[in-house]
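Chemist: no sequence for this one, just the structure:
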């Protein structure tokens, strides 16, 4: 066994398991292990590495910032880089979402949104969705659906109700003037790459407006170009009250954000974070936005993602093992009629790294810069293995 695997198993928390390799480096859509084997990475650190591994622009930005000023505590001092990042993030956010609370992770962004919803409305009830995943800290875990994640830590935060995803009538039956917020993912990621019916987000927005309920959209996995728009809610031109963002936001550097309407902003000292808004993360995030604009990444993801999805559907339509292929942009799920792990292992043996989303779904979250040729080759190999 590799010494690094042994050391991680010896000193790690026990919360994680590892594939039998140690990754030593990466470039673009590829990583390589300690034995020099190269893999096409279609998981991208669960969707984190949007601009590819070791992106030169991002790496240089982080390095320059670290050599200039690594940390400038938010709430005490202003800083040019953080100010510019906040401005650019507000510019790509939909509608009038122009206030931002910076965090270190997606889970922290969800926690901030949870607190803000209760404080702003004076209500306690939150509607979440069946198969939702919003994180694992106590508030975010209360909103997350999977029982095996939740059960060891009960009792969780009360007044959370999980409803069927994609069915507006389910929300209509229970929403009232006691509901502080409805939170959902515009495409469920961990839940199985579940794409709701067209118009669903628009209907939820109207319901929330009618009941003066906040609409929180968790764009941690779907945002920053993953589906071909800056945010997945852009595809319906829906403006939520709050967006939670992270993963690809920092190009690999840990940073998250809760983006909100002007009137929702926190009062002073009502929330905070020591590392939130750290300058290396802000510089990385600013660089990600600039890089994506300069290289027309959104257009590439929209066009290429549509082609990939169409090809996968066509090539798997007669395979008995495949139940459905679905997704948007560079976020694709292949649902099987049997357990997925043997196929993930076979892909691994063929130097392709992919993810699961539940027990029967292959999840593909490639870096947004992955060449079309490499994606086509990967699709051919996936189809070959499924045959």
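Modeler: Looks like it came in fine. Values in this document were obtained by computation on a predicted structure and should not be read as measured data. Numbering: from 1, shown residues only.

Chemist: tell me where the stretch 1-150 of the chain has helices.
Modeler: Residue ranges of the helices in the stretch 1-150 of the chain, as given by DSSP state H, counting those that start in this stretch, are 3-11, 44-47, 56-68, 80-92, 106-121, 138-143, 147-150.

Chemist: separation between residue 360 and residue 187?
Modeler: Computed as C-beta to C-beta, to the nearest Å, the residue 360 to residue 187 distance reads 18 Å. In short, each C-beta sits where N, CA and C put it, glycine included.

Chemist: tell me which of these two has more neighbours.
Modeler: residue 187 (24 against 19; other C-beta atoms under 10 Å).

Chemist: the residue nearest to residue 371 when sequence neighbours are not counted - how many residues pack around it?
Modeler: Spatially, and ignoring its direct neighbours in sequence, residue 371 is nearest to residue 29 (7.4 Å; C-beta to C-beta, 6 or more residues apart in numbering). Residue 29 has 23 neighbouring residues, counting by other C-beta under 10 Å.

Chemist: identify the residues contacting residue 29.
Modeler: Counting by C-beta atoms under 8 Å, 6 or more residues apart in numbering, residue 29 touches 40-42, 44, 52-53, 366-367, 369-371, 374.

Chemist: would you turn the helices of the stretch 1-150 of the chain into CSV with distance to residue 176 and mean neighbour count?
Modeler: Shown next, in CSV, are the helices of the stretch 1-150 of the chain (distance: least, C-beta to C-beta, whole Å; neighbours: other C-beta atoms under 10 Å):
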stretch, distance to residue 176, mean neighbour count
helix 3-11, 49, 11
helix 44-47, 35, 21
helix 56-68, 46, 15
helix 80-92, 32, 17
helix 106-121, 12, 24
helix 138-143, 19, 21
helix 147-150, 25, 10
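
Chemist: residue 158 is nearest to which of those helices?
Modeler: Comparison of these against residue 158 by C-beta to C-beta identifies helix 138-143 as nearest, at 8.2 Å.

Chemist: show me the shaky parts of the protein.
Modeler: Residue ranges of the chain with pLDDT under 70: 1.

Chemist: for the protein, which residue is closest to the average position?
Modeler: Nearest to the geometric centre of the chain sits residue 221, at 1.3 Å (C-alpha atoms, centre = their mean).

Chemist: how about the nearest residue to residue 337 once chain neighbours are set aside, secondary structure?
Modeler: Of all residues not flanking residue 337 in the chain, residue 323 sits nearest, at 5.2 Å (C-beta to C-beta, 6+ apart). Following DSSP: H, G, I helix; E, B strand; the rest coil, we place residue 323 in the strand state.

Chemist: residues near residue 323, how many?
Modeler: Neighbourhood size, residue 323 [other C-beta under 10 Å]: 15.

Chemist: show me this protein divided up by domain.
Modeler: Structural domains annotated on the chain: 3-54+297-386, 69-294, as defined by automatic domain parsing.

Chemist: most tightly surrounded among the ones you listed?
Modeler: Comparing the domains of the chain by mean neighbour count (mean count of other C-beta atoms under 10 Å), domain 69-294 comes out on top with a mean of 20.

Chemist: now do the end-to-end distance for that one.
Modeler: Taking C-alpha to C-alpha, to the nearest Å, the first and last residues of domain 69-294 lie 26 Å apart.

Chemist: now do the contacts for the closest residue to residue 188 other than its chain neighbours.
Modeler: Closest residue to residue 188 apart from its sequence neighbours, by C-beta to C-beta, 6+ apart: residue 194 at 4.0 Å. Contacts for residue 194 (C-beta under 8 Å, 6+ apart) come out as 131, 165-166, 187-188, 326, 333.
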